[in-house]
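Asks: Below is the sequence, then the predicted model.
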Amino acid sequence: MRLSVGQAGFWDVQERLCALSAQGEPLEKLAVTVDFELFRAELAAALGSRDRSKGGRPSFDPVLKFRMLVLQALHGLSLAQTEYLVADRLSWMRFCRLGPGDAVPDANTLWGFREALIATGALERLLIRLEEAITGAGYLPMAGQIVDATLVSAPRQRNTDAEKARIKQGEKARDIWPDKPAKARQKDTDARWTVKLGKARPGADGKPQIDIAIPVFGYKSHLSIDRRHGVIRRGKTTDAAAHDGARLREGLIDPSNTASDVWADTAYRSTENERYLEGIGKLGRIHRRKPPGRPMPRHQARANAAKSAMRAHVEHPFAHQKGVMGLVIRTIGLARASATVTLANMAYNMKRWCWLDRRSLPA
């Protein structure tokens, strides 16, 4: 049975977009807050100049493609899903400055664009550029910083014991499976297994049970946020088995933060880290471990509780990225995993910037 539909009106699309705006469409607010033109110079430098003498269709605007990568990070999508939804949703078209009749970059175009950003190291510079813009808007890094890490899962690998041993020795996939190039392209030799301890729950007798060990395969996202505004100021991605404490000395500390306090959990307490923080003029407010075989002194327990009240704020970006934004690793290799996490950090900072602006408005 054929359904009859009325003729489309000249202003139908515009009226629908106005109705979305009246309901507080979040992408429109994000586009108003973040001027994406501030990224154009870095994006153009990463892509380089094109030889126009070879002809072909004009390339898509790099800012358009970057907007699509931001949409992908905001919603935890694949590149193909991003292409489809930009072509399907009016609000996403408007965010990308496209009309219903405009061409949309396909998944392969977005893949090549992201690969160019990875190869030139542009994503880290883009994150710094965004952080500078947020600071320029009045949200200065102050009141100290909080450091922590979270696991980000990746597709699990099915390897033999011999193959696992060669991976741990640092061999690449093309060397382990030289006669199977298609298989080697799907093998992630950078990700690692680790064990995450679940929180103990009381049993039937009311006594706490032993923590449950949960195996996780993938990578680890290390973050440093400023305590006052909750903006991600520094980030680093490693394999899941990397120790948290050693990353503190690898660029996670923001030297521009006006306060000296650095909050972190017990994984970051070491003589090397204390010496490092003292050397750069920072004060380590790091949790103390419970003495083995003895109860923790009351004054240390109270100090840890006070530190926990501050340190808990770093869990907010982790929870938002892995919950609302659906952060997972879909790609192969550390470089692409780092790109995924960096884009997620940028997308989170953009949303955080919108929230900070909204909070500062008069009631």
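Replies: Noted; the coordinates are in hand. Residues are numbered from 1 along each chain as shown.
Asks: What's the local residue count around T271?
Replies: 7 (other CB atoms under 10 Å). For the C-beta atoms, the positions are set from N, CA and C on the backbone; glycine is no exception.
Asks: okay, it: pLDDT?
Replies: With respect to pLDDT, T271 has a value of 93.
Asks: cool, D205 as well?
Replies: Predicted confidence (pLDDT) for D205: 64.
Asks: Quick check: which element contains I214?
Replies: Assigned by DSSP states H and E, I214 belongs to strand 213-226.
Asks: buried set for that strand?
Replies: V216, F217, G218, Y219, K220, S221, H222, L223, S224, I225, D226 (16 or more other CB atoms under 10 Å).
Asks: cool, stretch 78-98 as well?
Replies: Buried residues in stretch 78-98, defined by neighbour count with 16+ other CB under 10 Å: 79, 82-83, 85-87, 90-96, 98.
Asks: of all those residues, which comes closest to D254?
Replies: F95 (29.7 Å; CB to CB).
Asks: Quick one: low-confidence residue ranges for the stretch 151-300 of the chain.
Replies: For the stretch 151-300 of the chain, residues meeting the criterion pLDDT under 70 lie at 198-211.
Asks: do the same with the stretch 1-150 of the chain
Replies: In the stretch 1-150 of the chain, residues with pLDDT under 70: 1-11, 50-56.
Asks: Repeat the analysis, applying 50 as the threshold.
Replies: Counting by pLDDT under 50, the stretch 1-150 of the chain contains low-confidence ranges at 1.
Asks: Now do the helices in it.
Replies: With helices called from DSSP state H, counting those that start in this stretch, the stretch 1-150 of the chain shows them at 12-22, 26-33, 40-47, 62-75, 79-88, 90-95, 107-120, 122-136.
Asks: Switch the ones you listed over to JSON lines; also include distance to R275.
Replies: Shown next, in JSON lines, are those (distance: least, CB to CB, whole Å):
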{"stretch": "helix 12-22", "distance to R275": "54"}
{"stretch": "helix 26-33", "distance to R275": "41"}
{"stretch": "helix 40-47", "distance to R275": "36"}
{"stretch": "helix 62-75", "distance to R275": "37"}
{"stretch": "helix 79-88", "distance to R275": "44"}
{"stretch": "helix 90-95", "distance to R275": "47"}
{"stretch": "helix 107-120", "distance to R275": "34"}
{"stretch": "helix 122-136", "distance to R275": "27"}
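Asks: Quick check: which of the ones you listed is buried the most?
Replies: Stretch with highest mean neighbour count among those: helix 62-75 (a mean of 22; mean count of other CB atoms under 10 Å).
Asks: now the angle between helix 122-136 and that helix, please.
Replies: With axes from the mean of the first three to the mean of the last three CA atoms, to 10 degrees as the basis, helix 62-75 and helix 122-136 are set at 80 degrees to each other.
Asks: Can you tell me what sits against stretch 121-133?
Replies: 34-35, 38-39, 42-43, 45-46, 66, 116-117, 231-233, 235, 338-339, 342-343, 345-346, 349-350 (CB atoms under 8 Å, 6 or more residues apart in numbering).
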